[in-house]
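Colleague: Generate a structure from the sequence data that follows.
(chains A, B and C)
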Amino acid sequence: MKKKVLTVDDSRTIRNMLLVTLNNAGFDIVQAEDGVEGLEVLEESNPDVIVTDINMPRLDGFGFIEGVRQNDRYRAIPILVLTTESDAEKKNRAREAGATGWIVKPFDPSKLIAAIERVTA
Amino acid sequence: MDMNEIKEIFFQECEEQLAELESGLLRLNDGDTDPETVNAVFRAVHSIKGGAGAFGLDDLVSFAHVFETTLDCVRSNKLEASQDLLKVMLRSADVLADLTAASRDGGTVESSRTSGLVAELEAYAKGQPLPSASAAPAPAPAAAAPEPAQAETPAPAAEAPEPTDDSGFQPVPFSFDALDGDDDLAIEDGRSVFTVRFKPRSDLYAKGNESVLILRELAKLGDLQVRCEADDLPSIDMLDPEGAYFSWLIRVETDQDEEAVRHVFEFVEWDSTVEITAGADEEAFAAPDAQGGDQPMAAVPFDLSLLEDVPAVSAEAAAPEAPAPAAAAPAAAGDESMAPPNLPLAAKAIAAEAEKKETVVPAVPAAPQTIRVDLDRVDRLINLVGELVINQAMLAQSVVENESGGSSAVNLGLEELQQLTREIQDSVMAIRAQPVKPVFQRMGRIVREIADMTAKQVRLVTEGENTEVDKTVIDKIAEPLTHMIRNAVDHGLETPEKRTEAGKNAEGVLRLSAKHRSGRIVIEIADDGAGINRERVKAKAIENGLITADANLSDEDIDNLIFHPGFSTADKISDISGRGVGMDVVKRSIQALGGRISITSKPGKGSVFTMSLPLTLAVLDGMVVTVANQTLVVPLTAIVETLQPEKSDIHSFGPSQRLIAIRDTFCPLVDVGNILNFRSDLANPVDGVALLVESEGGGQRALMVDAIQGQRQVVIKSLEANYTNVPGIAAATILGDGRVALILDVDAVVTASRGQPLSPDMMLAATG
Amino acid sequence: MSSDGTSPKVLKLPEVLDLNAASRLHEQVLAHKGEDIDIDASDVNRVGAQCIQVLLAAAKSWRAEDQHFKVEPASEVFVKTLQLLGISDEALLPKEMLK
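Modeller: Numbering: from 1, shown residues only, chains lettered A, B, ... in the order given. I've put the predicted structure just below:
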């Protein structure tokens, strides 16, 4: 059975890149455009892993991660943060919110896949 | 989808982000203090940077990075969004737009423009704004250059964690001693041995990490010997099921380096204690098993494939716990344009929230649901509906022909069909309708640029920017609008000094508005400048031989002289409007769209340019006429009136020139059949009908046709898709009886009548 | 097999024993405190360290009270995971299965 990845990113460009990269790697993909939609989609898609951006309208990545971690059913799902930020503050905040790991944009497809493989059973 | 397509999406998205950026900055400029506005502006730049990085567009990334850094200072309240800063940011937004365009189209942006702004932005970010925008030198040496995108690679795993971290993690001083000639290190063929001590904290699991997966990852590096230390495990009653009690001692034999071993722990460094030492720690492994057994631990020749390929959750098993993930998947998976179903989602979200009292989602009003559809698909639908309209008309006609009087049931059905067809057509057209907002937003930049060049102070006010019009029209109004805006700032508004002298505010106001009026869109450009200097316009027109010195013209006539070809009132050709583009060209391009333009002006108070355009270029109201047994459609917008010529009205003039007297003026008579080469000889005007049309120069022509069949709305079919350009013909349509009718290109025909031959490059009316 | 001659209770483990399953597993095991118990791990196809902690703690407690506690049957994934984690305690699985 294919692993299902939920991606949350407000950039259409990044969403498409994720879609192509993950499709080619044989994943099932569900996409959302911001944290609010991410939490909605989560309920119906039950993904194996989540890849999320930080800067998003309505509900940003930090809030989204906290939302997932507070959800009794989905809190165990690994969450990878996609971020252009190399700065420590953002990474710390993401970790504190409950991120499992991170991928630095611009992402290298093979590194993205490797990171997903690493955090999923 | 390949990378090129994604790149195309990226540039589309850049357009949207740039519009968002500009409108956000303008709102801030107007005193908006909503933090979300700053956030949106930040996100726009951030998003462009992110995408640009993915495509290696380094110039764009560098500039966006500096811009973003300064915006971040504003976002975190470290820097005030002063008017001066916003001016710099607006100019930065313009440069960002240029850099984006250059990345897309392969041009370049003058480095002095970027480096100057980079210096200003960086100075603001450091809290030391440069004295004045214009005086800003452009230092931007390599040292000041923003860090390149490559600098944002992940921090090496071996790097010590940030000191800000307060999770209790102590940097692990790991020993390099063993590297100095320890025999254990090189087992064989460059394989090394490392000893890893790994003690997770419960946070590691809470964040979705898993020791089993860490060990699995380690096992991929080579051979493992693993010993689990479970001394800390309490009795079952005392146990916290989500605690972390196990720790591990691991011997890794691998052909990879320590870096690779450390990398396995990249995500868990903060939530565990990890010690990696080069070399084996035989002593530790030899120690009696802490669990009480005394067997030495065996190597684990581990079959990774098993854990690798194990399905996460099989479909059947998932069913009871997680309701039908398979059924829910199609809705959201794959195509991003597929919006997830609206209602069930909302219901679920509400139910879930009520149930758990976990208000994770802030109360944000739901954005209207939209989907993104490829324009080709919409166009195809529009074409099909066009066919349907034609088909319905044909059906109606054949019913009329075959059973005169027809049964009332059939007629009633036909009527309903016609009604429905019309509604479908309107609905389909509405899909392609878009607000004029993006075009209006672009004008802000034009105004800023010209205000800078002419040293004028201008405030642009836009109204009705949500007025919708068909995409075919949107695409074509930007250019004439740009010229008109340029003209208004350059010629309409006075310099601040002159304005102050005249008792006006030094800052001129340009008002750009859009509204719907009787099935058309009306766009007005109003300035509060000096108005048209009629004396000068008249003098110029006399000088250029456009009018005679004694001509008696109304104010309106004089004002409209500026639309005359070649007319220019600027005493010297200025940089802005001296590009060979006069208001005559603007007028012609608007007419080519089936539009009209007019001007009203009040001396000292300003001028208002008004243009009205059809809401769509996909359908057209036309007059169906017969010319030499051919059926033609003449756009109704071009026709001023229709006439039945009397023999006495016609005056010959040379071998082939004829004039027709209309009231007290003479107007050239153009035989359409002859011009289009439908017939070689000239038709007798008395046998036909004359259509009085207004041509590009403002002059009128009488077009001779044989007969008028009637008026109707027709669906425009581009000829270019099927044939090459046909001179004098703008497009074609299909009439109710199935006949193809050509749509006349009035301007081309009029131009040809002046003795210039019809050639394909004279085609003015593109039909999209 | 059991110390008092009655057949042991069987606790069947679910397929996924992740972070979310640990608390429930803990409660279920505690509910059988004082009873002989067989753990059926034949359906398990994913198990995390925390659930193994629960099972190992239970095994030790049962053993200390001289009650029967045995994991059998166990899926291949379950056995392999124990091997990977370096759990060599016979209380959880017979030694020959861990070899």
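Colleague: So B:Thr631 sits against B:Gly622, correct?
Modeller: No. In this structure, B:Thr631 is not within contact of B:Gly622 by C-beta atoms under 8 Å, at 10.8 Å. Using the backbone N, CA and C atoms, a C-beta is placed for each residue, glycine as well.
Colleague: who's more crowded, those two?
Modeller: Neighbour count, other C-beta atoms under 10 Å in any protein chain shown: between B:Thr631 and B:Gly622, B:Gly622 has more, with 24 against 16.
Colleague: which residues are in contact with whichever strand or helix holds B:Arg658?
Modeller: B:Arg658 belongs to strand B:657-662 when elements are defined using DSSP states H and E. Among residues not part of strand B:657-662, those counted as contacts by C-beta atoms under 8 Å, 6 or more residues apart in numbering or on different chains are B:643, B:645, B:648-653, B:666-669, B:682, B:685, B:690, B:692, B:700, B:702.
Colleague: hmm, try it at 10 Å
Modeller: B:640-641, B:643, B:645-646, B:648-653, B:665-671, B:682, B:685, B:690, B:692, B:700-702, B:704, B:753, B:755 (C-beta atoms under 10 Å, 6 or more residues apart in numbering or on different chains).
Colleague: Give me the pLDDT value at B:Cys73.
Modeller: We note a pLDDT of 87 for B:Cys73 in this prediction.
Colleague: now chain A, which segments are flagged as low pLDDT?
Modeller: A:84-87 (pLDDT under 70).
Colleague: Go ahead and flag the most central residue of it.
Modeller: By C-alpha atoms, centre = their mean, chain A has its centre lying nearest to A:Val51, at 1.4 Å.
Colleague: follow-up on the earlier one: mind listing the shared neighbours of B:Thr631 and B:Gly622?
Modeller: Counting by C-beta under 10 Å, 6+ apart, the common neighbours of B:Thr631 and B:Gly622 are B:Thr733, B:Ala741.
Colleague: helices or strands up against the helix or strand hosting B:Asp376?
Modeller: In this structure, B:Asp376 sits in helix B:375-402 according to DSSP H and E. Counting contacts by 3 or more C-beta pairs under 10 Å, 6 or more residues apart in numbering or on different chains; DSSP states H and E, helix B:375-402 is packed against helix B:408-432, helix B:471-487, strand B:619-627, strand B:707-715, strand B:729-734.
Colleague: at 8 Å instead, please
Modeller: Under the contact criterion of 3 or more C-beta pairs under 8 Å, 6 or more residues apart in numbering or on different chains; DSSP states H and E, helix B:375-402 touches helix B:408-432, strand B:707-715.
Colleague: same question for that helix, mean pLDDT?
Modeller: Averaged across helix B:375-402, pLDDT comes to 78.
Colleague: quick check: angle from that helix to strand B:707-715?
Modeller: 140 degrees (axes from the mean of the first three to the mean of the last three C-alpha atoms, to 10 degrees).
Colleague: hmm, back to that, please state the offset of the strand holding B:Arg658 from the chain centre?
Modeller: In terms of C-alpha atoms, centre = their mean, to the nearest Å, the gap separating the centre of strand B:657-662 from the centre of its chain is 50 Å.
Colleague: if we can go back for a sec, among the contacts of strand B:657-662, which ones are buried?
Modeller: Buried subset of those (neighbour count, 16 or more other C-beta atoms under 10 Å in any protein chain shown): B:643, B:645, B:649-650, B:667-671, B:685, B:690, B:692, B:700-702, B:704, B:753.
Colleague: Filter those residues down to just the ones in helices.
Modeller: B:Ser753 (DSSP state H).
Colleague: Quick check: strands, which of the buried ones among the contacts of strand B:657-662 are part of them?
Modeller: B:643, B:650, B:667-671, B:690, B:692, B:700-702, B:704 (DSSP state E).
Colleague: Now pLDDT and distance to chain A too, for those, in a markdown table please.
Modeller: Output for these, formatted as a markdown table (pLDDT from 0 to 100; distance: C-beta to the nearest C-beta, whole Å):
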| residue | pLDDT | distance to chain A |
| --- | --- | --- |
| B:Leu643 | 87 | 56 |
| B:Ile650 | 85 | 63 |
| B:Cys667 | 85 | 55 |
| B:Pro668 | 86 | 55 |
| B:Leu669 | 87 | 57 |
| B:Val670 | 88 | 51 |
| B:Asp671 | 88 | 55 |
| B:Ala690 | 91 | 55 |
| B:Leu692 | 90 | 51 |
| B:Gln700 | 81 | 50 |
| B:Arg701 | 86 | 50 |
| B:Ala702 | 90 | 54 |
| B:Met704 | 90 | 54 |
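Colleague: Can you give me the neighbour number for B:Val66?
Modeller: 24.
Colleague: ok, now B:Ala661?
Modeller: By other C-beta under 10 Å, neighbour count at B:Ala661 equals 14.
Colleague: Run through the bridge partners of it.
Modeller: B:Phe666 (DSSP bridges).
Colleague: Indicate the residue of chain C located nearest to chain A.
Modeller: Residue nearest to chain A within chain C (C-beta to the nearest C-beta): C:Leu19, separated by 4.0 Å.
Colleague: Disregarding flanking residues, what is the spatial nearest neighbour of that residue?
Modeller: Excluding the flanking residues, the one nearest C:Leu19 by C-beta to C-beta, 6 or more residues apart in numbering or on different chains is A:Ala76, at 4.0 Å.
Colleague: thinking again about what came up before, isn't the residue of chain C closest to chain A right up against C:Ala49?
Modeller: No. Using C-beta under 8 Å, C:Leu19 makes no contact with C:Ala49, being 9.6 Å away.
Colleague: who touches both of those two?
Modeller: Joint contacts of C:Leu19 and C:Ala49 (C-beta under 8 Å, 6+ apart) are B:Tyr205, B:Glu210.
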